[in-house]
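Student: Curious how this folds, go ahead:
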Amino acid sequence: MKVYGKSKNCKTEISYSTSANTRVEFVIQIGEKKILNCKNCGMKTEFHIDELYKKESKIAQIGAGLIFLIGTPLMFFFL
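Tutor: Modelled structure (predicted):
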């Protein structure tokens, strides 16, 4: 899972990759607070877990769309 937070200094998005699949697993692994370093301004920012968010993967959406668009006609063809 990839989580994101906004730098309080320069307002750029900071990303963090974790092996956790859910927010609960993330809290168990990391704790209630996480310090992330902004690559743009170099400032370390402490985030509470509720301030971090997850984005939907564009690759997963495109893959699901392709499976739907290709699979539906194939299903009708084989029926």
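
Student: pull the longest helix from the protein.
Tutor: As assigned by DSSP state H, the longest helix anywhere in the chain is helix 58-78.

Student: so how far is that helix from its chain's centroid?
Tutor: On the basis of CA atoms, centre = their mean, to the nearest Å, helix 58-78 sits 24 Å off its chain's mean C-alpha point.

Student: How much space separates residue 57 from residue 74?
Tutor: With distances taken as CB to CB, to the nearest Å, residue 57 is found 25 Å from residue 74. The way it works is simple: take the backbone N, C-alpha and C, and place the C-beta from them, glycine included.

Student: Okay, helices next: where are they in the chain?
Tutor: Per DSSP H, the chain carries helices over the ranges 23-30, 58-78.

Student: Tell me which other helices or strands the longest one touches.
Tutor: Put plainly, it is helix 58-78. Here helix 58-78 touches no other helix or strand, going by 3 or more CB pairs under 8 Å, 6 or more residues apart in numbering; DSSP states H and E.

Student: I'd like the numbering to begin with 54 instead of 1 from here.
Tutor: I'll keep to 54 as the first residue from here, and by that count the last item is helix 111-131.

Student: wait, isn't residue 55 in contact with residue 70?
Tutor: Yes: if you go by CB atoms under 8 Å, residue 55 and residue 70 touch, sitting 5.2 Å apart.

Student: Local confidence estimate at the nearest residue to residue 94 once chain neighbours are set aside?
Tutor: Once flanking residues are discounted, residue 94 sits nearest to residue 63: 4.3 Å by CB to CB, 6 or more residues apart in numbering. Note for residue 63: predicted pLDDT of 84.

Student: pLDDT of the longest helix of the chain, averaged?
Tutor: Regarding helix 111-131, the rounded mean pLDDT is 89.
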